[in-house]
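Enquirer: Generate a structure from the sequence data that follows.
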Amino acid sequence: MNVSVVLFTADLRLHDHPPLRAAVDGSHEVVPLFVRDRAVDRAGFAVPNRLAFLADCLRELDAGLRERGGRLVVRSGDLVEEVRKAAAEAGAGS
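Expert: Below is the predicted model:
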């Protein structure tokens, strides 16, 4: 089975999302992933209003994915390490 991981970063939309479209068109299974990178928090992002906005956006993204039969995977940690782990766990080829 062909599996792809799509990493959501600043663009948390479902419509007009080229990496998501490419994954859907080219894979049997897609793992939508968002990683709360600690480096971003250390850069000053982790303030209450921004975190609340991010939480709202992630809830909306997850709801949209669930409407389409999927779900958002959310991890926290080093971006590269968490993407590697998610890809390995899913058996992703891309």
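Enquirer: Who are the packing partners of the lengthiest helix in the chain?
Expert: In terms of residue count, the longest helix belonging to the chain (DSSP state H) is helix 48-67. In terms of contacts (3 or more C-beta pairs under 8 Å, 6 or more residues apart in numbering; DSSP states H and E), helix 48-67 is packed against strand 29-37. Where C-beta positions appear, they are placed from N, C-alpha and C, glycine not excepted.
Enquirer: now with 10 Å?
Expert: Contact here means 3 or more C-beta pairs under 10 Å, 6 or more residues apart in numbering; DSSP states H and E; on that basis helix 48-67 packs against strand 3-8, strand 29-37, strand 73-77.
Enquirer: quick one, it and strand 3-8 angle?
Expert: If you take axes from the mean of the first three to the mean of the last three C-alpha atoms, to 10 degrees, helix 48-67 sits at 150 degrees to strand 3-8.
Enquirer: what packs against the helix or strand of the chain with the lowest mean pLDDT?
Expert: Within the chain, no helix or strand scores below helix 38-40, which has a mean of 82 by mean pLDDT, DSSP states H and E. The criterion is 3+ C-beta pairs under 10 Å, 6+ apart, and the helices and strands that helix 38-40 contacts are strand 73-77, helix 79-90.
Enquirer: OK, contacts around R36?
Expert: 45-46, 51, 54, 58, 74-77, 79, 82 (C-beta atoms under 10 Å, 6 or more residues apart in numbering).
Enquirer: how about a cut-off of 8 Å?
Expert: Taking C-beta atoms under 8 Å, 6 or more residues apart in numbering as the criterion, R36 is in contact with 74-77.
Enquirer: Between all of those, which two are separated the most?
Expert: Greatest spatial distance among these (C-beta to C-beta): V74 and G77, at 11.0 Å.
Enquirer: Give me the common contacts of these two.
Expert: Both V74 and G77 are contacted by 35-36, under the criterion C-beta under 8 Å, 6+ apart.
Enquirer: you'd agree P32 is up against V74?
Expert: No. With contact defined as C-beta atoms under 8 Å, P32 does not count as touching V74 (9.6 Å).
Enquirer: Looking at the two, which is more packed in?
Expert: Regarding P32 and V74, a neighbour count based on other C-beta atoms under 10 Å identifies P32 as having more, with 25 against 15.
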